[in-house]
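> Only the shape, not the letters, is given here:
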């Protein structure tokens, strides 16, 4: 039997438009990977009457109710009280949680007196499974009552995500004899509709495992999910499909179960013992920001030059002034010179140079907004992709950084580097 | 009478966790500014039965129903059909919309035959107000039936946002004789709870205008909203409250109705005809990325050096090697030297230097994760803030960039520059 879940987000800030409901997205994505259907999301404010009404509606149409938010220490955090009441449960003080909350405070704010209302968080429904919160103070919980499974997760996105993965997923897996496993296949260099076109026949024929595409800026992710008696059996079901996907899509797959293109590239650089430096004009630090988002980036990334003004291109990167005058700062040779310049000055194995027109101003007939040159220099050679990336400033910048990373990835995995140069 | 609205998001991709429901956030924020209460959000998939059930529930508890999504040309776009049916309306072919859709296609894909299913978008409920879509093809609409106002907006976030602002807002304003206006007051340098503490007395006494706080990483925004017979009257109601807020909070207010701290600083630089360069270590390009997110940044931002490795600090910024050896790369004098170095090398009025331990690795007892020095150099002087920013890598980086921007803002507005140095 396939379970059906409803997610109830609790928090007035969601109804005011102060925050976006990423918890519902994260929990939905996780439930989807577990093969649990989600038919409705509901959001209510910090209002016990309206929360009760939402719970009454949800219990009539779902087997599993998952709440996010309203578990904190203040008087308007009423999720536990309300859900316990709806399902005829008492709230019980959990001594060991009280002790943990006191210890957490003592560690974070040594010497300060903890406001007593924090101990409200140690009250949980009788007989529940406690979800320990290692990422904050409010614990979550799960219980089974009146034929429904009720799970409560905290609202702050990181706490919600971690506790879903570490506490709710094991609980939900325990509801079923089946093991459900997923692999995420990450793609850059082919658009979503092209990926779907190429895989349509394969996807339509599949029921277990399933294969579903997810798109984000310039990238596509495919999620392969199998349900079987054991993890090994699930893997065995997925293996031939993964092989087929690889055979069809080829080298636009940059990783399976990886975090991001930048994490993939950083891993490849670290494995190869190679270093990189970056010279950015139109992306203005976006590429270095993405590389340094990753803990441990310093093992391969040494630094960069943000050469927004032409003077910086010549002074700090050694780009020939005449080159800029003759061909313009947005040109193939300037991109190459930036890549070489930063590589030599920082003494790295790879140098990246990015120059382009991100807009909205600065476009010309010859070089309209979206014209970008991305160069990668090694000690032996320099490669360039000449791109037209549309007219959305934010997207142009993200795509230019994607292309730079893709060039390094392709080089380090022995693929043609300029290959994906024509795609947007 | 205060209206009450419910937002119904339609789209299976939301239930699968493929996308996050930013439409609900954007529409909620807009409704809040109009003084319209929102008590529930609901999300359903592309399933007419479940959408009908959601509409039946919503009409029992709201005066205004706003749907987002499901207006497109494909067979699973069923919002109009379902809503029309729920409220006893026929769908009518709108000739002029059909013509527009044809023209839109001809312009975007000249010479290509338009798939006929696109004309499904020209069918709208009888007697409705058409919301023309200047940002895509699917028009929206609004009608009044059975004592409810029903508004339908497209799902793609940009189309939803623009059509809400340009079509739904005028429609909703027409429901009331009152004018509703808002001002957004942006704050850096004081935490949310401190802002609330200081303004509690003022906020509690207010009914019109209202004043509500919104928090995001390291910043607080206050929204002041007034309802009156005319725009002038609304402004007159808000003016004394805005003065009181300014009097209470003082110079932590960095702008009213501005886009962001970086946009504010860029505006100040452009107004003053001053230029800036940035040297970043632990923030790794985040600050330059934020500055160059803004169109026209090149008028004041010349460039920067991302000095992740110490060698780059010495080679490209001229930081004294001995200084790094004696005091460590994460130190007050190194931050100063980075700021001065980048200012001199790029020939700008201002130089920023940021060095710190973003973690998770690299912390010591003396300089734990979160230790950051942010320096600002001018031709005459160098200022430093010595910070402890917690232990979340991403937050540490955002806060360090905030502080750098705040220092420039304070300098350019004649305030003490190191003033907010102790806050997190």
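All right, it came through fine. What you are looking at is a predicted structure, and each value in this text was computed from that prediction instead of being measured.
> For the stretch 1-150 of chain A, what lies in contact range of chain B?
For the stretch 1-150 of chain A, the residues in contact with chain B (Cβ under 8 Å from any Cβ of the partner chain) are A:9, A:13-22, A:24-32, A:38-45, A:47, A:50, A:53-54, A:57, A:61. (Each C-beta comes from the backbone N, C-alpha and C, glycine too.)
> Buried residues in the host helix or strand of residue A:335, which are they?
Residue A:335 belongs to helix A:332-346 when assigned by DSSP states H and E. By 16 or more other Cβ atoms under 10 Å in any protein chain shown, the buried positions in helix A:332-346 come out as A:333-343, A:345-346.
> Do you have the strands of the stretch 201-350 of chain A handy? List them.
Along the stretch 201-350 of chain A, counting by DSSP state E, counting those that start in this stretch, strands occupy A:210-216, A:219-228, A:253-256, A:276-280, A:301-307, A:350-356.
> I figured residue A:344 was touching residue A:338, is that so?
No. Residue A:344 is beyond contact range of residue A:338, at 11.1 Å (criterion: Cβ atoms under 8 Å).
> Give me the common contacts of those two.
residue A:351 (Cβ atoms under 8 Å, 6 or more residues apart in numbering or on different chains).
> Please pull out the lowest mean pLDDT helix or strand from chain A.
strand A:210-216 (a mean of 80; mean pLDDT, DSSP states H and E).
> Please name every helix or strand in contact with it.
Contact here means 3 or more Cβ pairs under 8 Å, 6 or more residues apart in numbering or on different chains; DSSP states H and E; on that basis strand A:210-216 packs against helix A:192-204, strand A:219-228.
> Now do it: everything it contacts.
Residues from elsewhere that reach strand A:210-216 (Cβ under 8 Å, 6+ apart): A:192, A:195-196, A:199, A:202-203, A:220-226, A:241, A:245, B:16, B:18.
> what do you get for stretch A:249-266?
A:183-190, A:195, A:198-199, A:219, A:242, A:245-246, A:267, A:290-291, A:293-294, A:296-297, A:299-301, A:402, A:405-406, A:408-410, A:412-413, A:415, A:419-420.
> Let's see that with 6 Å instead.
For stretch A:249-266, contacts defined as Cβ atoms under 6 Å, 6 or more residues apart in numbering or on different chains pick out A:183-190, A:290-291, A:294, A:300, A:405, A:408-409, A:415.
> Looking at those residues, which one is closest to residue A:231?
Nearest to residue A:231, judged by Cβ to Cβ, of the contacts of stretch A:249-266 is residue A:183 at 12.3 Å.
> Please name the bridge partners of that closest one.
residue A:224 (DSSP bridges).
> and stretch A:298-307, how far from the chain's centre?
Relative to the centre of its chain, stretch A:298-307 is centred 23 Å away, using Cα atoms, centre = their mean, to the nearest Å.
> and if you look at stretch A:374-384?
With Cα atoms, centre = their mean as the basis, stretch A:374-384 stands 30 Å off its chain's centre.
> quick revisit: deepest in the core, which of the helices and strands packed on strand A:210-216 is it.
Sort those by mean neighbour count, taking mean count of other Cβ atoms under 10 Å in any protein chain shown, and strand A:219-228 sits at the top with a mean of 20.
> tilt between that one and helix A:192-204?
Here strand A:219-228 runs at an angle of 10 degrees relative to helix A:192-204 (axes from the mean of the first three to the mean of the last three Cα atoms, to 10 degrees).
> From the contact counts, what lies against strand A:219-228?
In terms of contacts (3 or more Cβ pairs under 6 Å, 6 or more residues apart in numbering or on different chains; DSSP states H and E), strand A:219-228 is packed against strand A:179-188, strand A:210-216, helix A:231-249.
> Would you single out the least confident of these?
Least confident of these, judged by mean pLDDT, is strand A:210-216 with a mean of 80.
> ok, the closest residue to residue A:328 other than its chain neighbours - how many residues close by?
Leaving aside its chain neighbours, residue A:328 sits nearest to residue A:367 (6.9 Å; criterion: Cβ to Cβ, 6 or more residues apart in numbering or on different chains). Neighbour count for residue A:367, taken as other Cβ atoms under 10 Å in any protein chain shown: 18.
> Tell me the residues of the stretch 301-424 of chain A that contact chain B?
Taking Cβ under 6 Å from any Cβ of the partner chain as the contact definition, the stretch 301-424 of chain A meets chain B at A:301, A:302, A:303, A:304, A:305, A:306, A:307, A:308, A:309, A:312, A:360.
> so the second one sits right up against residue A:347, yeah?
No. Residue A:302 lies out of contact with residue A:347 (Cβ atoms under 6 Å); the separation is 7.7 Å.
> confidence score at the residue of the stretch 51-200 of chain A found nearest chain B?
Per Cβ to the nearest Cβ, residue A:57 is where the stretch 51-200 of chain A lies closest to chain B, at 6.3 Å. The score at residue A:57 is 97. That number is its pLDDT.
> and the angle from the helix or strand that contains it to helix B:48-59?
Taking DSSP H and E as the definition, residue A:57 sits inside helix A:48-59. Orientation check (the same axes, to 10 degrees): helix A:48-59 against helix B:48-59 gives 160 degrees.
> Name the residues that touch helix A:48-59?
Here helix A:48-59 makes contact (Cβ under 6 Å, 6+ apart) with A:6, A:8, A:42, A:44, A:65, A:78, A:82, A:86, A:148, B:39.
> repeat that for 7 Å
A:6, A:8, A:10, A:42, A:44, A:65, A:78, A:82-83, A:86, A:148, B:39, B:57 (Cβ atoms under 7 Å, 6 or more residues apart in numbering or on different chains).
> Among these, which ones are in strands?
A:6, A:8, A:10, A:42, A:44, A:65, A:148, B:39 (DSSP state E).
> State the pair within these that is farthest apart.
Using Cβ to Cβ, the pair of the ones in strands among the contacts of helix A:48-59 lying farthest apart is A:148 and B:39, separated by 23.5 Å.
> Grab the nearest non-local neighbour of residue A:106.
Leaving aside its sequence neighbours, residue A:106 sits nearest to residue A:114 (Cβ to Cβ, 6+ apart; 7.8 Å).
> what about that neighbour, which SS state?
coil (DSSP: H, G, I helix; E, B strand; the rest coil).
> how many neighbours does it have?
Residues contacting residue A:114 under the criterion other Cβ under 10 Å number 16.
> List phi and psi for it.
Residue A:114 has phi and psi values of phi -80, psi 130 when expressed as degrees, to the nearest 10.
> what's residue A:83 in contact with, if anything?
Contact analysis of residue A:83 by Cβ under 7 Å, 6+ apart lists A:55, A:67, A:150, A:152.
> Just send those residues back as CSV, with secondary structure and neighbour count too.
Output for the contacts of residue A:83, formatted as CSV (DSSP: H, G, I helix; E, B strand; the rest coil; neighbours: other Cβ atoms under 10 Å in any protein chain shown):
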residue, secondary structure, neighbour count
A:55, helix, 24
A:67, strand, 30
A:150, strand, 25
A:152, strand, 29
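> Need these in a markdown table (columns: distance to residue B:373).
Conversion of the contacts of residue A:83 to a markdown table gives the following (distance: Cβ to Cβ, whole Å):
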| residue | distance to residue B:373 |
| --- | --- |
| A:55 | 50 |
| A:67 | 42 |
| A:150 | 48 |
| A:152 | 42 |
